Each structure stands twice: as structure tokens, then as C-alpha cells.
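Chemist: my questions are about this predicted structure, shown below with the sequence.
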Amino acid sequence: MAKPLRIGMIGYGFMGRAHSNGYNRVKDFFDLEYLPVLQAVAARDAEKAQAFADRWGYQRVETDWRKLVAADDIDAIDICTPNNLHAEIAIEAAKHGKAILCEKPLSMDTAEGERMCAAVEAAGVPNTVWYNYRRIPAVTFAKHLIDSGRLGRVFHYRANFLQDWTINADLPQGGAALWRLDAKAAGSGVTGDLLAHCIDTALWLNGSMTDVTAMTETFVKERVHQATGKKEPVEIDDACSFLCHFKNGSLGLFESTRYARGHKALYTFEINGENMSLKWDLHDLHRLEIFDYSDEGPERGWKSVHVTDGDHPYMANWWVPGLAIGYEHSFVHQVADFLAAYAKGEPCHPTFRDALETQQVCDAVLASAKSHQWVPVGGS
Ligand code: NAI
Ligand code: SOE
């Protein structure tokens, strides 16, 4: 009989659904000592919260997240709110001794992230941040190849995250669906929202960055704010590109925008080593492109590995070889990994401390865009 980990979910939007699906699915595909119990969901609108609870199987609702983080029947708090609430909720949850699963980006900035790390570390509570792309089998497979040393010396790392949903200048900022355009709710624009994913994956695959030089642009300078009904300056970055040096001597090139017409969520990365190169594309997420220089000369070339076999990461838990899984499974994997780590008393990466490094890179990127200078990461 599995032991229960009683989840208190805060927020019922996109991620509230993705995580709830992960909690519900995990028991059917992974053998775990602990299993999630959907205990309660907190959201300000009681009726909507109840509808969400009924659909996903939460036992009760709260309309104040503070009551949820203090509740005796909750073991773990899942933070699925806009970015400006992550710190306050996490720090309060840590005080109440709850395990915490927090959505990305960890925080609005490094200083806030440091307070969050201090809180979870002082309380000794398990913590993780949902940088879920790490747990797409093809991405995890890339990590295995890199860790095995097959690439040799790494020269280049490049990544893009391209979208096109804010091109319309009449789109307002702020409010329920458009908080990502309001710097007070989001912290930053594409840097914290999209590049944070690219940075997390890059730090995981290729190690720390030492310094960055960046440019940002805000193409639409004013938008009506939903809270005031008035045109207000737009303070987020619509696009951001940066170069960096990695500690391992390789060079990084990153681009993100919400103005790449035709692209909805084109997250790609490529890493070029002395002996091997790897390429991945979220739109074809079960494939890893591999160029292996040790292949026989005339047959040497890019191969596209369908990462769906039983010996590929996570895949033995799913269907028969060759049958693909998708985006939502990355969340199931994160739930499974969190529960396995929880049972062993081990950290589930990325922890808050790991995610703080991404925050440091984001801050350095934004500072560089402002100063037009190279900026060291984490003041190093
Ligand atoms: P959303 O706008 O769909 O949902 C946000 C939820 O927070 C809503 O249910 C809203 O009612 C709730 N909320 C806002 N203020 C609240 C308060 N004071 N008390 C209780 N609930 C409150 O947003 P989405 O897309 O789910 O994003 C949430 C977080 O997840 C963000 O930090 C975002 O960056 C992150 N995210 C991560 C993704 C990933 O790939 N890992 C994908 C999408 C979002
Ligand atoms: C923005 O559209 C968004 O939902 C981000 O918030 C997520 O983090 C990213 O995974 C997909 O795009």
C-alpha cells in the first residue's frame, strides 16, 4: 500500500491542469512508495475552484492560499500562480514545514530567489522547480550522452524559444490571461518566461555560465492595462538575445521572442562537441538528432533517433517501443521523480538552489541589456 503525499494546489490555470494531470497519471505508470492525493485546491473564486476540484478530483477547496499552506491535512504545496506570488507562498509554506513544488521561474529576481532558498533550506523541506523540459525523454537522453563524455570538448551551445502571440498591439496587459505582459506580475518578459527554460536546460547539460552580453526590445511600448483601463508603458522585454561564456570554455547563443510570426512554442537547442553534436526541437520532441564523428566515414551523417525504446529514459514505463509520448508526460515524470526523491529523502533537481542559478543568469542578461556591457553571472 503506497503512502499518501497530500497535495495542496494553488492556481487552477494552465499549469494547475498540467500538474493535476501529472498527479493523476503517475500511479498508473510508475511504482512508487508515495503517491499523490489531490487534497485541496486554493483559488480566489470559490465556484471556479470547486469546478476545478470536481474535474480533477480534489477533495476540497480554499479561497485563501494562506489557509491552504497552514492546513494540517496538506503535505506538499504546488505553486501554479503568476510569478509575483511564488516567493510569498513558498516562504509561508516553508514556515509550515510543507514540501514545495514551485512553477518556473523560481522568482521575480535573484534577491527574491535567495530568500526562497534560505526559507526552504532553513526549514529543511523538500523543494523542486518545474523546469519540466529536462524530463522529456529525448532531452534526458541528451544529458546521458553528454555525461558519458561522448561529445568530448564542447565548443558551442545555442538555443531558441520563439512564439508569436503578442504581435497584436491592441492586446491589453495585465489581468487573468495576460499577466505575462505586466512586469509587476511577471517580473520580466521573455527572459523569465521563455529563456529561463533554455537557461535551465543549458546549465543542466553544459554547466555554469560565467558572463553574458544581451539585447532586449519592447516592440509595443504601451498597452491598455486591464486593471486601470488606461494605456500604460509596457515594462517587459518582448524579445531578448544573449551571448555567454560557459565555465567549460564553450560559447552560448540564445534567442527568445514573442514576435516570431508563425512560431507558437519553438524551443530548440543544439550542442556541438569535438566528437558529437546533438539537436533537439520541442515540435518534434521525441526525436534527438545526433551526429557522431566516430561513425564510419562514408556513412557518417546526422541521424534522427526516435527516443521511444524501452532503454530510453522513462520510456519503459509507457507503451511498447516506437510509440511516442508527449508534452504532458514531462510533468508525470517530474511528479514521479519528486516522489521517488521524497521517499529517499534526497533532493529532486532542479531544487530552488539549482533554479536560483537560472535566476542569476536572467538578472545578468537584463542588466547587460540595460548597460550594453558584458555582465558577470551572480557577480562572479
Ligand atoms: P494561468 O494564468 O493559466 O493560471 C494562474 C492561476 O493562478 C489562475 O488559476 C489564477 O486564478 C491563479 N491566481 C492568481 N492569483 C492568485 C491568488 N492570489 N491566489 C490564488 N490563486 C491565484 O497561468 P499559468 O500559465 O498556469 O502559469 C502559472 C505559473 O506557471 C507561472 O509561474 C508560469 O511561469 C508557469 N508556467 C510554466 C510552464 C512550464 O512549462 N513549466 C508553462 C506555463 C506556465
Ligand atoms: C508562455 O506562452 C509559456 O506558456 C510559458 O509560460 C511556459 O513556461 C512555456 O513552457 C510555454 O510557453
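Modeler: Received it, and whenever you're ready, just let me know what you need. Numbers count the residues shown, from 1 in each chain. Ligands and ions are numbered 1, 2, ... in the order given.

Chemist: would you double-check that Leu205 falls in a helix?
Modeler: Yes - counting by DSSP: H, G, I helix; E, B strand; the rest coil, Leu205 is located in a helix.

Chemist: what does the stretch 101-250 of the chain put close to ligand 1?
Modeler: By Cβ under 6 Å from any ligand atom, the residues of the stretch 101-250 of the chain that approach ligand 1 are Glu103, Lys104, Trp130, Asn132, Asp193. C-betas here are computed from N, CA, C, even on glycine.

Chemist: out of these, which end up buried?
Modeler: Using 16 or more other Cβ atoms under 10 Å as the burial test, these include Glu103, Lys104, Trp130, Asn132, Asp193 as buried.

Chemist: could you dump these to JSON lines with pLDDT and secondary structure?
Modeler: Formatted as JSON lines, those follow (pLDDT from 0 to 100; DSSP: H, G, I helix; E, B strand; the rest coil):
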{"residue": "Glu103", "pLDDT": "98", "secondary structure": "coil"}
{"residue": "Lys104", "pLDDT": "98", "secondary structure": "coil"}
{"residue": "Trp130", "pLDDT": "98", "secondary structure": "coil"}
{"residue": "Asn132", "pLDDT": "98", "secondary structure": "helix"}
{"residue": "Asp193", "pLDDT": "98", "secondary structure": "helix"}
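
Chemist: sorry, back to before: right, and out of the residues of the stretch 101-250 of the chain next to ligand 1, which lies closest to Leu162?
Modeler: Closest to Leu162 out of these is Asp193 (12.4 Å), distances taken as Cβ to Cβ.

Chemist: tell me who's in contact with the closest one.
Modeler: Going by Cβ atoms under 8 Å, 6 or more residues apart in numbering, Asp193 touches Pro105, Arg180, Ala186.

Chemist: now for the second one, how many residues are close by?
Modeler: Which is Arg180. Arg180 has 23 neighbours, counted by other Cβ atoms under 10 Å.

Chemist: ok, back up a step: got CSV for the residues of the stretch 101-250 of the chain next to ligand 1, with distance to ligand 2 too?
Modeler: Output for those, formatted as CSV (distance: Cβ to the nearest ligand atom, whole Å):
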residue, distance to ligand 2
Glu103, 8
Lys104, 6
Trp130, 9
Asn132, 8
Asp193, 5
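
Chemist: give me the residue from the chain nearest ligand 1.
Modeler: When scored by Cβ to the nearest ligand atom, the chain has Gly13 as its residue closest to ligand 1, at 2.0 Å.

Chemist: what sits against the residue lying closest to that residue once chain neighbours are set aside?
Modeler: For Gly13, ignoring the flanking residues on the chain, the nearest one in space by Cβ to Cβ, 6 or more residues apart in numbering is Cys80 at 6.7 Å. Going by Cβ under 8 Å, 6+ apart, Cys80 touches Met9, Ile10, Gly11, Tyr12, Gly13, Met15, Gly16, His19, Glu103.

Chemist: now render these as TSV, adding secondary structure.
Modeler: TSV is the format used below for the contacts of Cys80 (three-state DSSP):
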residue	secondary structure
Met9	strand
Ile10	strand
Gly11	coil
Tyr12	coil
Gly13	coil
Met15	helix
Gly16	helix
His19	helix
Glu103	coil
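
Chemist: name the member of those with the most neighbours.
Modeler: Top of these by neighbour count (other Cβ under 10 Å): Met9, with 33 neighbours.

Chemist: what's across from that residue in the sheet?
Modeler: Val41, Asp78 (DSSP bridges).

Chemist: quick one: it and Ile74 touch, right?
Modeler: No - here Met9 lies out of contact with Ile74, judged by Cβ atoms under 8 Å, at a distance of 9.7 Å.

Chemist: where do the contact lists of the two overlap?
Modeler: What both Met9 and Ile74 touch, as defined by Cβ under 8 Å, 6+ apart, is the set Ala40.
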